[in-house]
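Q: Model the structure of this input:
(one chain, ligands or ions: 1)
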Amino acid sequence: MAEVVIVENPAAAGALVAAEIVRLIQHRPDAVLGLATGSTPLPVYEALHSRLAGTDVSQVRGFALDEYVGIDPAHPESYRSVITREVVEPLGLDPALIRTPNGATDGIEHAGDDYEAAIEAAGGVDLQILGIGTDGHIGFNEPGSSFASRTRVKTLTEQTRKDNARFFDSIDDVPMHCITQGLGTILRARHLVLLAFGEGKAQAVAQAVEGPVSAMLPGSAIQLHEHVTVVVDEAAASQL
Ligand code: GLP
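A: Okay, here's the model as predicted:
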């Protein structure tokens, strides 16, 4: 059963999760973080900025959950750019130690296996930060994704492309495909920390935490993991 922590606001959630990450890095300077994009984890990254001051982060390693396929890594909305802007630069991490799946179309058939091998070689993810989509997706694992899935190319649903169109000039500019860690990959992390804020996430949170474990609600995979912390505000907890 996941531990559910209800906090007053996203900033309080950020402080809580950041404190956990600081403890981890102080205990293990080459900790492996599982990084998520989207707006939800931003308060964590903001809180880490002040809380990590004075801690040696030169050996911290990280793996992003997902990336668009066929997007120039230098495009401001590639997840490589987002992670660089929101995490690597403000926290002073070594960019060479922070990986994102390789979304270049050239060699895409090996990119999933290469990413899995890199996570394995790093000894696995210590703490995986997760957001959740309104349809219950985690990473880009949309409903129907196998619980055993590993990093692979997926087609983005129309809904997710619409949701993410706000980051691009128009929906036509949103890539059609992504490469995402699988649910099986995510479940191998040693500690999962899922965050969600706002009423729009309430149903997905309730289904993920206490609904039937089902591939139709990818977030419900967290019920198969023995160390899960769910950090939500009152609104996102309202259907629990
Ligand atoms: C995207 C990301 C997910 C994220 C989700 C929710 O699809 N691939 O990792 O959890 O959106 O985004 P937000 O946190 O902005 O609500």
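Q: Pull the residues that contact stretch 55-62.
A: Stretch 55-62 has contacts (C-beta atoms under 8 Å, 6 or more residues apart in numbering) with 22, 25-26, 29-35, 83, 87, 91-94, 97-99, 122. (Glycine included, C-beta is placed from N, CA and C.)
Q: Do me a favour and get the end-to-end distance for it?
A: 16 Å (C-alpha to C-alpha, to the nearest Å).
Q: what's the average pLDDT for it?
A: On average, the pLDDT along stretch 55-62 is 98.
Q: May I see the buried residues of that stretch?
A: Buried positions in stretch 55-62, judged by neighbour count with 16 or more other C-beta atoms under 10 Å: V57, V60, R61, G62.
Q: partner residues bridging the third one?
A: The partner list for R61 in beta bridges (DSSP bridges) reads V32.
Q: At the contact with the ligand, which residues of the protein appear?
A: 36-40, 65-66, 131-133, 139-140, 160 (C-beta under 6 Å from any ligand atom).
Q: Pull out the buried members of these.
A: A36, T37, G38, T40, L65, D66, G131, I132, G133, G139, F140, T160.
Q: give the contact list for the residue nearest to the fourth one when sequence neighbours are not counted.
A: Okay, so that is T40. In space, and not counting its chain neighbours, T40 is closest to G131: 3.6 Å by C-beta to C-beta, 6 or more residues apart in numbering. Residues counted as contacts of G131 (C-beta under 8 Å, 6+ apart) are A36, T37, G38, S39, T40, P41, I138, L194, L195, A196.
Q: Which member of those residues is positioned nearest T180?
A: Using C-beta to C-beta, I138 is the member of these that lies nearest T180, at 9.1 Å.
Q: separation between the closest one and D172?
A: 26 Å (C-beta to C-beta, to the nearest Å).
Q: A235 too?
A: Taken as C-beta to C-beta, the span from A235 to D172 is 33 Å.
Q: quick one: buried residues of the host helix or strand of V17?
A: With secondary structure defined by DSSP states H and E, V17 is part of helix 10-27. Of the residues in helix 10-27, P10, A12, A13, G14, A15, L16, V17, A18, I21, V22, L24, I25 count as buried by neighbour count, 16+ other C-beta under 10 Å.
Q: Quick one: residues contacting the nearest residue to the fifth one once chain neighbours are set aside.
A: Taking C-beta to C-beta, 6+ apart, and ignoring the residues beside it in sequence, A15 has A47 as its nearest neighbour in space, at 4.8 Å. The contact partners of A47, by C-beta under 8 Å, 6+ apart, come to A11, G14, A15, V17, A18, A19.
Q: can you give me the strands for this protein?
A: Ranges of strands in the chain, per DSSP state E, are 3-7, 32-35, 61-64, 66-68, 98-99, 127-130, 152-155, 177-180, 191-196, 228-233.
Q: average pLDDT across the second one?
A: Averaged across strand 32-35, the pLDDT comes to 98.
Q: Which elements pack onto it?
A: When contacts are defined as 3 or more C-beta pairs under 8 Å, 6 or more residues apart in numbering; DSSP states H and E, strand 32-35 packs onto strand 61-64, strand 127-130.
Q: Could you list the residues in contact with that strand?
A: In contact with strand 32-35 (C-beta under 8 Å, 6+ apart) are residues 21, 41, 60-65, 83, 87, 98, 119, 122-130, 186, 189.
Q: for it, the distance to its chain's centre please.
A: Here strand 32-35 is found 8 Å from its chain centre; the criterion is C-alpha atoms, centre = their mean, to the nearest Å.
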